[in-house]
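**Q** Fold the following and give me the result.
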Amino acid sequence: MTKYPLSVLVGLSLCALYGSAQAAAPLPICAGAFEANKYDVGKQWTMLAGQGKDGWLFSVANLLPYDPTLGKFQNDITRFRDELAKRGTELITVSVPPRAATMNQFLDPKVPVFKAYNAKAEAAKYAAYVKLVNSLGIYSPNALDIAYKNAGQFNFFFARDHHWTPQAAGKVAEAMAAYIKTRPAYKDLPKVPFKLVSKPFELAGSYAKLVQDICQVTLPKEKTTTFEAVRVNPIGLLDDETPQVVLVGTSHSNTGAFAESLSYTLQTPVLNAALDAGGARAAMETYFHSADFRRAPPKFLIWELEDTLLQYDFYSQMIPTLKGPCAAKPLPLFFVGAGAKVRVPQRPAVGDYLTLTLPDLSVRSLRLAFVSGGRVVANSVVERPRVAQNDGVFYFELPQSLKYDTVNISSLYTGKASFQMCKG
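**A** Numbering: from 1, shown residues only. Have a look, this model is predicted:
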């Protein structure tokens, strides 16, 4: 999630509050739901921006401008793609489209913050981003185009929740399956007959929960249909259950029956490794650390994310993470006074990395300082998301664009550790 100054967030909320006073409000929502001071510090991005038509709620995050660029990360993204390809894995992504642009028919023009929002321009930015990702040799469907083409059939998002609906996830799964079926590796996937079973589904909604917490008002649950992929035949004792298609993603992959629809449309088992509240990183990092990935990388890795591939400090950690431990001898490292130093005897080559193993699994954050002749020339942070599994092993690439001789590593840990200096 892009971080914006508090002044921007407050400005949006005040504008929404003013506008909501001018428009008919079908839902009994208190003014506090649109006030930044009612939200915890650091979570103002979850704040409601305004009430739209027909009981739809939109958050500040829904109205932020979409960034279609990848900037300096294009090279890192292609390196990431190529490292997976070396292991026989094709990377496929889908970025959930901007909610306000997708459901712009529910934006009330009498609310100033909605009137100022240019849905057409934001949709064009999303389309440009999808085109750019595909140009890098990574398939990504245009989920917004899918939403527009099916607007008369179903809503792509819930009205009072930030997730896409099971129907939307199903259509995106169809597009991804159509692409996968054109790939040579598809013929090698185990074919398992699945049927798709519909069942009722109720959702209170993330935005409705905010209203409940702030206004003490319970909004009606949304009712829809979700799906379950059911095997036509039972699993045999000799059936190979090694996952060949793996989904790493966010709560969208869990709420919208995305993996279920993928299993059905592909007629092959899909391992859902998505993690709620994990952002773009947690699920992938957890999966790369798993024995399943180390033993048998999948043919297809589907990465669902709520934002874009523009992920700061991501690729410099995920590329060495998927490589894993190297053949270099582990060397002892001692954290004294919450710090340790690793000497770098020569300038690293592209892709060279450090592995650091800590026995204290409560440590999830490391601060790095790259030092030359006693002077800090750059800083970085290695963080493991709260919901990601932690095995105590951290990976990070050594930058080659800087001149330095030492990496200072600081954390809350004091005691023995070990590290490896690995070649890319």
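
**Q** For the residue nearest to the spatial centre of the chain, give me its contacts.
**A** With distances taken as Cα atoms, centre = their mean, the residue of the chain nearest its centroid is residue 280 (2.1 Å). Neighbour list for residue 280: 250, 303, 305-307, 311, 314 [criterion: Cβ atoms under 8 Å, 6 or more residues apart in numbering]. No exception for glycine: its C-beta is placed from N, CA and C like everyone else's.

**Q** Mind doing that once more with 6 Å?
**A** Taking Cβ atoms under 6 Å, 6 or more residues apart in numbering as the contact definition, residue 280 lies against 305, 311.

**Q** Now stretch 142-152: buried residues?
**A** Of the residues in stretch 142-152, those scored as buried under the neighbour-count criterion (16 or more other Cβ atoms under 10 Å) are 142-144, 146-147.

**Q** so where do the helices sit in the stretch 251-400 of the chain?
**A** Counting by DSSP state H, counting those that start in this stretch, residue ranges of the helices within the stretch 251-400 of the chain are 252-255, 258-266, 282-288, 291-295, 315-323.

**Q** Could I have the CA atoms of the fourth one written out in PDB?
**A** The reference is to helix 291-295. What follows is helix 291-295 as a C-alpha-only set of coordinates in PDB (Å, rounded to 0.1, in the frame of the first residue of the first chain):
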ATOM      1  CA  ALA A 291       9.800 -27.600   2.400                       C
ATOM      2  CA  ASP A 292       7.300 -28.000  -0.500                       C
ATOM      3  CA  PHE A 293       8.900 -25.200  -2.500                       C
ATOM      4  CA  ARG A 294      12.500 -26.300  -1.700                       C
ATOM      5  CA  ARG A 295      11.700 -29.900  -2.700                       C
END
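
**Q** ok, residues contacting that helix?
**A** residue 287.

**Q** could you list every residue that touches residue 28?
**A** residue 217.

**Q** and if we set it to 8 Å?
**A** Neighbouring residues of residue 28 by Cβ under 8 Å, 6+ apart: 215, 217.

**Q** Not counting sequence-adjacent ones, nearest residue to residue 196?
**A** Nearest residue to residue 196, sequence neighbours excluded (Cβ to Cβ, 6 or more residues apart in numbering): residue 264, at 4.4 Å.

**Q** ok, now residue 289?
**A** Leaving aside its sequence neighbours, residue 289 sits nearest to residue 391 (Cβ to Cβ, 6+ apart; 5.5 Å).

**Q** pretty sure the one you found contacts residue 286?
**A** No. Because the distance of 9.4 Å does not satisfy Cβ atoms under 8 Å, residue 391 is recorded as not touching residue 286.

**Q** And the two? Which one has more around it.
**A** Neighbour tally, residue 391 and residue 286, criterion other Cβ atoms under 10 Å: the higher count belongs to residue 286, 22 against 13.

**Q** Verify the contact between the more buried one and residue 386 for me.
**A** No. Contact status for residue 286 versus residue 386: not in contact, 11.6 Å apart, counting by Cβ under 8 Å.

**Q** Surely residue 242 touches residue 296?
**A** Yes. With contact taken as Cβ under 8 Å, residue 242 and residue 296 are classed as touching, separated by 5.0 Å.

**Q** ok, now which ones touch the residue nearest to residue 196?
**A** 173, 194-196, 227, 229.

**Q** if we go to 6 Å?
**A** The contact partners of residue 264, taken as Cβ under 6 Å, 6+ apart, are 194, 196, 229.

**Q** ok, how many other residues are close to the first one?
**A** Looking back up the chat, that one is residue 194. The local packing of residue 194 (other Cβ under 10 Å) involves 23 other residues.

**Q** and residue 393, bridged to which residues?
**A** Applying DSSP bridges to residue 393 yields these beta-bridge partners: residue 357.

**Q** what separates it from residue 323, distance-wise?
**A** Counting by Cβ to Cβ, to the nearest Å, the gap from residue 393 to residue 323 is 12 Å.

**Q** now do residue 302
**A** In terms of Cβ to Cβ, residue 302 sits 21 Å off from residue 323.

**Q** can you give me the strands in the stretch 301-424 of the chain?
**A** Along the stretch 301-424 of the chain, the segments classed as strands by DSSP state E, counting those that start in this stretch run 331-335, 339-343, 353-357, 365-372, 375-383, 393-397, 406-410, 415-422.

**Q** would JSON lines of those strands with distance to residue 110, mean pLDDT and mean neighbour count be doable?
**A** Converted to JSON lines, those look like this (distance: least, Cβ to Cβ, whole Å; pLDDT from 0 to 100; neighbours: other Cβ atoms under 10 Å):
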{"stretch": "strand 331-335", "distance to residue 110": "59", "mean pLDDT": "95", "mean neighbour count": "13"}
{"stretch": "strand 339-343", "distance to residue 110": "57", "mean pLDDT": "94", "mean neighbour count": "15"}
{"stretch": "strand 353-357", "distance to residue 110": "54", "mean pLDDT": "97", "mean neighbour count": "21"}
{"stretch": "strand 365-372", "distance to residue 110": "46", "mean pLDDT": "95", "mean neighbour count": "17"}
{"stretch": "strand 375-383", "distance to residue 110": "42", "mean pLDDT": "94", "mean neighbour count": "13"}
{"stretch": "strand 393-397", "distance to residue 110": "50", "mean pLDDT": "97", "mean neighbour count": "22"}
{"stretch": "strand 406-410", "distance to residue 110": "53", "mean pLDDT": "96", "mean neighbour count": "19"}
{"stretch": "strand 415-422", "distance to residue 110": "59", "mean pLDDT": "95", "mean neighbour count": "17"}
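
**Q** closest to residue 274 out of these?
**A** Among these, the nearest to residue 274 by Cβ to Cβ is strand 375-383 (19.6 Å).

**Q** quick one: that closest one to strand 406-410, angle?
**A** An angle of 50 degrees separates the directions of strand 375-383 and strand 406-410 when computed by axes from the mean of the first three to the mean of the last three Cα atoms, to 10 degrees.

**Q** and strand 375-383, what does it pack onto?
**A** strand 365-372 (3 or more Cβ pairs under 6 Å, 6 or more residues apart in numbering; DSSP states H and E).

**Q** would CSV of the helices of the stretch 251-400 of the chain with distance to residue 401 and mean pLDDT be doable?
**A** Formatted as CSV, the entries for the helices of the stretch 251-400 of the chain read as follows, by distance: least, Cβ to Cβ, whole Å; pLDDT from 0 to 100:
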stretch, distance to residue 401, mean pLDDT
helix 252-255, 35, 92
helix 258-266, 38, 97
helix 282-288, 24, 96
helix 291-295, 29, 94
helix 315-323, 12, 96
